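[1] Quick one, fold the following:
(2 chains)
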2 protein chains.
Amino acid sequence: MTQAFFKVTDLDKVLARAAEVNPVGTEKIALSDAAGRVLSVDVISDTDLPDFYRATMDGYAVRAASTFGASEANPAYLTVKGVVEMGKTPLFAVGSGEAARISTGGMLPPGADSVVMVEHAEAVDDTTVEAYRSVAPGQHTIEPGEDFKRSEIVLERGSVLGPSETGLLAAFGLTSTNVYKKPVVAVISTGDEIVAVNESPGPGQIRDVNTYTLSAMIEKNGGRSLPMGIVRDDYDALFSTCSKALSQADMVLLSGGSSVGTRDFTIQVMKNLPDAKVLVHGIPISPGKPTILARAGGKMMWGLPGHVVSAMVVFTRVVKPFVQQLSGRKTVAIDRLGLPARITRNLSSAQGRIDYVRVRLKESDGILWAAPVLGKSALLNTMVKADGLIEIGMNSEGLDKGAQISVLPLD
Amino acid sequence: MTQAFFKVTDLDKVLARAAEVNPVGTEKIALSDAAGRVLSVDVISDTDLPDFYRATMDGYAVRAASTFGASEANPAYLTVKGVVEMGKTPLFAVGSGEAARISTGGMLPPGADSVVMVEHAEAVDDTTVEAYRSVAPGQHTIEPGEDFKRSEIVLERGSVLGPSETGLLAAFGLTSTNVYKKPVVAVISTGDEIVAVNESPGPGQIRDVNTYTLSAMIEKNGGRSLPMGIVRDDYDALFSTCSKALSQADMVLLSGGSSVGTRDFTIQVMKNLPDAKVLVHGIPISPGKPTILARAGGKMMWGLPGHVVSAMVVFTRVVKPFVQQLSGRKTVAIDRLGLPARITRNLSSAQGRIDYVRVRLKESDGILWAAPVLGKSALLNTMVKADGLIEIGMNSEGLDKGAQISVLPLD
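    Residues are numbered from 1 along each chain as shown, chains lettered A, B, ... in the order given. Modelled structure (predicted):
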């Protein structure tokens, strides 16, 4: 055992280790199942999009030059050559002084280069229309390739497939798509005092909350949870469950082990697993200081605190980037960024560690206020009351009432 | 046909109609499947939580009075009566001047009311420990019912089950839970120019993007999408598909009908369906002005624009509150709120309508900047480039560079 086991590791250095993990393979899935998945390939355009000259307004397809100088007082008189049918090639051309009735999405006839909006035109009779405004070439149209050109990269590897991206793949006819496999993250709850959710706790026992909380966080961040059940405070049982978890999952989370005995077992097991090394034992954050990170057989294993709130904080701030890296995500969605707010009261903080405080958001006079939810990190009620977390930095002695802070989602 | 069909309806009045829809029934599901679902009942505590006096730190369970006045210079000497085993009732009591070794989560022995942290104590021999700090009664412990009291409301009806809420249900032993059924929202794409995603578009045709985009948005907001396929510009076909959709779904979205003919059909069909009334025909928003809302047989039906970006904007700003109301959600999650940012350039806007502008976010010097993504609303690329939307109000002529704005998620 080296001294490193007792020295906390800076949060930055812990997070930098996320670069050591990689996505766990790819698979092809139906587009209708793709929501939230991560592209494992660059998607290249196989065609110009659109591949024809399209109207973006209802009106009359014309040569722009036919309308130059047109106004309410001096309209341009145009001869209507026909009506463009939706989804068909017009079988007539539009020349100088001519027009064709067209709907949004219709194909411009040969010779036309723009559309006069229906609001700016009036039919005089069946074959003549007055245009009250001039249009520029290209106005109210999309030209071939204006949206995407053939051979262009449409979506990059690592993009998360939200509604926009899914729609874009549909536009290119991709009924199936290549995505990274969801990383499997095993969850092990430890402790002699923990019973399964479907059991009645005896004296001194509590139900296993962390398996549910951590599983929900894993799934929300693009992973697949593999609950391994509850392990008693016993070296052999823990070793065996960890070995099994490592063989079935891409990352392993242990939580609990709050008792002194279990904590010792956890470190011992992590050291004794094949090809294992303890990388981090302690991070200067509160809650979450006793967090352990080890690598065994190329896979990351975490020892998280037993208190559910502490485990959630460590997951959000420390483990999550590893799950995202494993899932292949290149970007963080807008709704995962911190939300700026102001703090409702003075908050003190110890120097030399990063403090995470749960807050509840309230809007007042157009300002978003973050009210600290105080309470022990063993209390579940504080977790449900909180909308998010704020961070008080290493070198800060606290925050003054009204200070601008960033609220991070707690999931 | 009354004049109301041609008068736009204020956005506020349209949104107020969300109160007219209700959740569509309840079901009981396994807790492990509950992520993102909405509680349909108040969950009441059936026990004090915790139901025993718990340690929240490793150390020594004591009577606080035994430590009063203790300091490094003048420690309190305590007799160790035993070790508390995790998950068991201690079979000994702690009296004045006595202590019991205890781990986080352990049950306090009778007579103890607090815990001296292990960092503030040192064992002298097997039966004696020195405490260097005094503790107050209740310190480093949770008392029975401190987290939740019996018969208290633990989670309210309408709560979305995120990681915290799921964990809380686990703590109360609820392996299954009552939730609202996901509302089924039918999606109909209309237009002679639209072909299915697995088809090759002929001249003047494009693939059906809206079914995928809208389905993904429905699912992301707690609904279940029911794609009804593509309907040609034909009154009878549209009437028949709408009737089928109304019989199978809780709400219906039509998109497309960009051609003048289809728009007429859409209104006619909405008027002629059994027990139908057109409520809104036109909203002063851009894009999205031609949006239609009707009620048929007590269900809401929407006519959305055909351009995919316009349809997404209308969904985000107008339809989404109806989906949420149907799904029973009482609250909006932190990550669904607007994100404050500053605009990178001057933006002009027409008075008399609400303009929605797509923006891309960039952080620079700790400030979040929103850069407008300009481009026609028929272009898919603008949709993928954008991180969100900003709103320029009815009475505004525009925004100055640097102005504070709120960025809404576009999904």
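[2] For residue A:98, which residues count as its bridge partners?
    Beta-bridge partners for residue A:98, by DSSP bridges, are residue A:79.
[3] Against chain B, how distant is it?
    To chain B, residue A:98 is 19 Å away according to C-beta to the nearest C-beta, to the nearest Å. For every residue, glycine as well, the C-beta is placed using N, CA and C.
[4] before we move on, what about residue A:122?
    Distance, residue A:122 to chain B, using C-beta to the nearest C-beta: 15 Å.
[5] Equivalent analysis for residue A:14, please.
    For residue A:14, the distance to chain B equals 21 Å [C-beta to the nearest C-beta].
[6] any idea which element that residue lies in?
    Assessed by DSSP states H and E, residue A:14 sits inside helix A:11-16.
[7] Dump that helix to CSV, keeping only the CA atoms.
    C-alpha atoms of helix A:11-16 as CSV (Å, rounded to 0.1, in the frame of the first residue of the first chain):
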residue,chain,number,x,y,z
LEU,A,11,-11.1,16.8,-8.9
ASP,A,12,-9.6,18.0,-12.2
LYS,A,13,-7.2,15.1,-12.2
VAL,A,14,-10.0,12.6,-11.5
LEU,A,15,-12.1,14.0,-14.3
ALA,A,16,-9.2,13.9,-16.7
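[8] helix or strand right after that helix?
    Downstream of helix A:11-16, the next assigned helix or strand under DSSP H and E is strand A:26-30.
[9] Is whichever helix or strand comes after that next one positioned near chain B?
    Downstream of strand A:26-30, the first helix or strand assigned by DSSP H and E is strand A:43-44. No - under the criterion of C-beta under 8 Å from any C-beta of the partner chain, chain B is not reached by strand A:43-44; the shortest gap measures 10.6 Å.
[10] for strand A:43-44, packing partners?
    Judged by 3 or more C-beta pairs under 8 Å, 6 or more residues apart in numbering or on different chains; DSSP states H and E, strand A:43-44 is in contact with strand A:153-155.
[11] State the pLDDT value of residue A:334.
    On pLDDT, residue A:334 comes in at 53.
[12] how about low-confidence regions in the stretch 151-300 of chain A?
    A:257-262 (pLDDT under 70).
[13] Could you give the separation of stretch A:204-218 from the chain centroid?
    23 Å (C-alpha atoms, centre = their mean, to the nearest Å).
[14] for stretch A:170-182, same thing?
    With C-alpha atoms, centre = their mean, you get 17 Å for stretch A:170-182.
[15] And it, end to end?
    End-to-end distance of stretch A:170-182: 22 Å, with C-alpha to C-alpha, to the nearest Å as the criterion.
[16] likewise stretch A:85-95?
    Stretch A:85-95 has an end-to-end distance of 18 Å (C-alpha to C-alpha).
[17] Need the residues that contact it.
    When contacts are defined by C-beta atoms under 8 Å, 6 or more residues apart in numbering or on different chains, stretch A:85-95 is touched by residues A:61-63, A:81-82, A:84, A:100, A:103, A:105-112, B:191-195, B:202-205, B:233, B:259.
[18] And that stretch, what's buried?
    Neighbour counts using 16 or more other C-beta atoms under 10 Å in any protein chain shown place A:85, A:86, A:87, A:90, A:94, A:95 of stretch A:85-95 among the buried residues.
[19] At which residues are the strands of the stretch 251-400 of chain A located?
    Here the stretch 251-400 of chain A has its strands, by DSSP state E, counting those that start in this stretch, at A:251-256, A:276-281, A:285-286, A:292-296, A:299-304, A:339-343, A:347-348, A:354-364, A:367-372, A:388-392, A:398-399.
[20] With distance to chain B and mean neighbour count as added columns, please give the ones you listed in JSON lines.
    Converted to JSON lines, the strands of the stretch 251-400 of chain A look like this (distance: least, C-beta to the nearest C-beta, whole Å; neighbours: other C-beta atoms under 10 Å in any protein chain shown):
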{"stretch": "strand A:251-256", "distance to chain B": "8", "mean neighbour count": "28"}
{"stretch": "strand A:276-281", "distance to chain B": "16", "mean neighbour count": "18"}
{"stretch": "strand A:285-286", "distance to chain B": "13", "mean neighbour count": "20"}
{"stretch": "strand A:292-296", "distance to chain B": "16", "mean neighbour count": "22"}
{"stretch": "strand A:299-304", "distance to chain B": "13", "mean neighbour count": "25"}
{"stretch": "strand A:339-343", "distance to chain B": "5", "mean neighbour count": "20"}
{"stretch": "strand A:347-348", "distance to chain B": "18", "mean neighbour count": "16"}
{"stretch": "strand A:354-364", "distance to chain B": "6", "mean neighbour count": "18"}
{"stretch": "strand A:367-372", "distance to chain B": "8", "mean neighbour count": "19"}
{"stretch": "strand A:388-392", "distance to chain B": "5", "mean neighbour count": "22"}
{"stretch": "strand A:398-399", "distance to chain B": "16", "mean neighbour count": "18"}
